[in-house]
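Novice: the following comprises the amino acid sequence and a computationally predicted model.
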Amino acid sequence: MDSMPGMDMSGHAGHDMGAMAHAPAALPEGEALRELPLLANEAGRPGLFRARLTAGPATARFVEGKDTPILAYNGTSPGPLIEAHEGERVEITFANRIAGEQSTIHWHGMPVPAGQDGNPMDPVAAGADRVYAFDLPEGSAGSYWYHPHPHGRTAEQVYRGLAGAFIVKAKADPVPAAYGDTALVFTDLRLSADGSMPENTMIDTMNGRVGDHVLVNGQKNPKLAVAMGAKQRLRLYNATNARFLRLAFANAAMTVIGSDGGLLEAPVAADEILLSPAERVELVVAFDRPGAASLTTLAYDRGWMGPGRPADAGLTLLTVDVSDAPAEAMPPLPERLRPIAPLGTPTVSRRLVFTETMAMNPAGMEMGFLINGKAFDMARVDIVARAGDTELWEIVNQADMDHPFHLHGTQFQVVERERDGKLAKPPYLAWKDTVNVARGETVRLLTRQERPGARMYHCHILEHEQLGMMGILDVQA
Ligand code: C2O
Ligand code: CU
Ligand code: CU
């Protein structure tokens, strides 16, 4: 919806309608890319990853001379990079030190038991600690992440700084170690000239918060130096609340090797990537020409309500400097990465219809973000399923915006997309936990839950999740 007929979007009493009053700060660019700090394993014995994550207030220096109050895990935003291995047990003590707010840690995309997944039904009170414990099964290697999921506060806690990458490493990794392994976590910062982070406006709650600056590992347009001929393994994370990232490398060749839930069967060359909120992609990028090879954004129209649609084309997110000096010869990427078994014939099918509603009442305009006509209710089970059943889920977007669909507890396989009566198969088989469902589009996917318990499914524009675009799947043993 580009305009709202009959409605004055610019001046509701009592609401800051958008970015008009906000004077954005300029951020320094071109610093050397920081590696994410690694979360240290304190277990001291093989087979176990044990650590502590404390969520609490911290201060960031985005702009010289100005302190910005943020939320951070162990003092950093993005949070520390967690690297664990298939077959390991994970025990992470979570300390919630966010004043006056409950929180949780949700292990986005990971195959953890329902009671360990940081559901909104299992809050950790302000000041309290809890242990999250789970095993990383064989075959679970992939690019996951972690973030809070408390009822009604997820969007704020994430945009204030709480999100981190969780990489599960394979026992036998077919990707040459010479490519390195670099996580690039994209977050979206809105920062005022005085160094403060403005709260969400009504425009933000409708569209999801889109900020002023896309950051990579907490930096604006940092610089990465590589030698000519080098290949780099890059894991891209969209950890923004609501920013769609359509990405391309200039002057470098991009190959997709993995999705949300780990490696593909075989590498696939790509000119561009659309990464909707919460999606991840694993790339091998070949830098064969000297000069600048930058990661930039292309225009993408994801649907927008009201003023302030962000112009996303042409932002440089990362500047790669390719030197004249050639790199040491790099081993080639293998032709096969790993097998992916198709999920097979479903025995159950379900249909989830996403809609937006709008109503005027004396208090102003009220938006509804609904699944099958309902807003989220923590006390209601929406779907009952059986562990081990293969199900076909049809996600129908009848709304005016794209909605990235996410399901907890498992990885699924997209089988088909339909738009304007045209069917399209995905170009390759992939494990996914989040998939964009564009306006007017239907996405069909196969899914199977192996572990019993309550699982969330929702739009990963966090403001939409918060406004009700979420449901509960009860998996029974
Ligand atoms: Cu990334 Cu329900 O979450
Ligand atoms: Cu999740
Ligand atoms: Cu949405």
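Specialist: Structure received. Ligands and ions are numbered 1, 2, ... in the order given.
Novice: hey, let's count contacts and neighbours off CA atoms from now on
Specialist: Noted.
Novice: which SS state does residue 204 fall under?
Specialist: Remark: residue 204 carries the secondary structure label helix [criterion: DSSP: H, G, I helix; E, B strand; the rest coil].
Novice: settle this for me: it is touching residue 210, isn't it.
Specialist: Yes: using CA atoms under 8 Å, residue 204 is in contact with residue 210, at 7.1 Å.
Novice: which residue does the chain bring closest to ligand 2?
Specialist: Nearest residue of the chain to ligand 2: residue 108, at 3.7 Å (CA to the ion).
Novice: and that residue, how far is that from residue 261?
Specialist: Relative to residue 261, residue 108 is positioned 10 Å away (CA to CA, to the nearest Å).
Novice: overlap of the contact sets of these two?
Specialist: Common neighbours of residue 108 and residue 261, counting by CA atoms under 8 Å, 6 or more residues apart in numbering, are residue 144.
Novice: for the helix or strand bottoming out on mean pLDDT in the chain, which helices and strands make contact with it?
Specialist: One helix or strand of the chain scores below all others by mean pLDDT, DSSP states H and E: strand 364-371, with a mean of 87. Secondary-structure packing of strand 364-371 (3 or more CA pairs under 8 Å, 6 or more residues apart in numbering; DSSP states H and E): strand 348-361, strand 470-476.
Novice: that one vs strand 470-476, what angle?
Specialist: 30 degrees (axes from the mean of the first three to the mean of the last three CA atoms, to 10 degrees).
Novice: is it correct that residue 107 is in contact with residue 147?
Specialist: Yes: at 7.0 Å, residue 107 counts as touching residue 147 under the criterion of CA under 8 Å.
Novice: near ligand 2, which residues of the stretch 1-150 of the chain? Just list them.
Specialist: For the stretch 1-150 of the chain, the residues in contact with ligand 2 (CA under 5 Å from the ion) are residue 108.
Novice: so where do the strands sit in the stretch 1-150 of the chain?
Specialist: Applying DSSP state E, counting those that start in this stretch to the stretch 1-150 of the chain gives strands spanning 48-63, 66-73, 82-85, 89-96, 106-108, 129-135, 142-147.
Novice: dump those to JSON lines, plus distance to residue 286.
Specialist: Output for the strands of the stretch 1-150 of the chain, formatted as JSON lines (distance: least, CA to CA, whole Å):
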{"stretch": "strand 48-63", "distance to residue 286": "31"}
{"stretch": "strand 66-73", "distance to residue 286": "33"}
{"stretch": "strand 82-85", "distance to residue 286": "25"}
{"stretch": "strand 89-96", "distance to residue 286": "34"}
{"stretch": "strand 106-108", "distance to residue 286": "29"}
{"stretch": "strand 129-135", "distance to residue 286": "35"}
{"stretch": "strand 142-147", "distance to residue 286": "20"}
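Novice: quick check: which of those is nearest to residue 362?
Specialist: When those are compared by CA to CA, strand 66-73 sits nearest residue 362, at 35.1 Å.
Novice: count of residues packed around residue 127?
Specialist: Other residues near residue 127 come to 15 when the count uses other CA atoms under 10 Å.
Novice: give me the pLDDT for it.
Specialist: With respect to pLDDT, residue 127 scores 98.
Novice: just to check, it is in contact with residue 56?
Specialist: No: with contact defined as CA under 8 Å, residue 127 does not reach residue 56; the gap is 9.7 Å.
Novice: just give me the neighbour total for the nearest residue in space to residue 360 that is not next to it in sequence.
Specialist: The shortest distance from residue 360 to any residue other than its chain neighbours is 6.1 Å, reached at residue 366 (CA to CA, 6 or more residues apart in numbering). Number of residues near residue 366 (other CA under 10 Å) recorded here: 13.
Novice: roughly how far apart are residue 366 and ligand 3?
Specialist: For residue 366, the distance to ligand 3 equals 16 Å [CA to the ion, to the nearest Å].
Novice: just to check, that residue is in contact with residue 206?
Specialist: No: if you go by CA under 8 Å, residue 366 and residue 206 don't touch, sitting 9.5 Å apart.
Novice: any regions of this protein where pLDDT drops low?
Specialist: 1-20 (pLDDT under 70).
Novice: for the residue positioned nearest the centre of the chain, what are phi and psi?
Specialist: Centroid-nearest residue in the chain, with CA atoms, centre = their mean: residue 278, separated by 1.7 Å. Backbone geometry at residue 278, expressed as degrees, to the nearest 10, gives phi 90, psi -10.
Novice: that one: what's it in contact with?
Specialist: Neighbouring residues of residue 278 by CA under 8 Å, 6+ apart: 237-240, 434, 460.
Novice: the same query, at a cut-off of 10 Å, please.
Specialist: Counting by CA atoms under 10 Å, 6 or more residues apart in numbering, residue 278 touches 108-109, 144-145, 186, 237-244, 260, 404-406, 433-436, 459-462.
Novice: the least confident helix or strand of the chain to strand 348-361, inter-axis angle?
Specialist: Using the same axes, to 10 degrees: strand 364-371 against strand 348-361 is 180 degrees.
Novice: I'd say the residue of the chain closest to ligand 2 and residue 117 touch.
Specialist: Yes: counting by CA atoms under 10 Å, residue 108 does reach residue 117; the two are 8.2 Å apart.
Novice: shared neighbours of those two, which are they?
Specialist: What both residue 108 and residue 117 touch, as defined by CA under 10 Å, 6+ apart, is the set 146, 149, 408-409.
Novice: of these, grab the buried ones for ChimeraX.
Specialist: Selecting only the buried entries of those in ChimeraX, with 16 or more other CA atoms under 10 Å as the criterion:
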select :146,149,408,409
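Novice: just name the closest of the shared contacts of residue 108 and residue 117 to residue 216, please.
Specialist: Among the shared contacts of residue 108 and residue 117, and counting by CA to CA, the member closest to residue 216 is residue 146, at 16.5 Å.
Novice: number of nearby residues for the closest residue to the closest one other than its chain neighbours?
Specialist: Once flanking residues are discounted, residue 146 sits nearest to residue 107: 4.7 Å by CA to CA, 6+ apart. Neighbour count for residue 107, taken as other CA under 10 Å: 24.
Novice: again, but for residue 214
Specialist: Residues near residue 214, counting by other CA under 10 Å, number 25.
Novice: can I take it that it is in a helix?
Specialist: No: counting by three-state DSSP, residue 214 is not found in a helix; it is strand.
Novice: tell me if I'm right that it and residue 242 touch.
Specialist: No: using CA under 10 Å, residue 214 is not in contact with residue 242, being 11.2 Å away.
Novice: what touches both of these two?
Specialist: Among the neighbours of residue 214, those also in contact with residue 242 (CA under 10 Å, 6+ apart) are 187-188.
Novice: what sits against residue 163?
Specialist: For residue 163, the contact set (CA under 10 Å, 6+ apart) comprises 71-73, 76-81, 105-106, 145-148, 157, 185-187, 239-240.
Novice: how about it, nearest residue that isn't a chain neighbour?
Specialist: residue 147 (4.6 Å).
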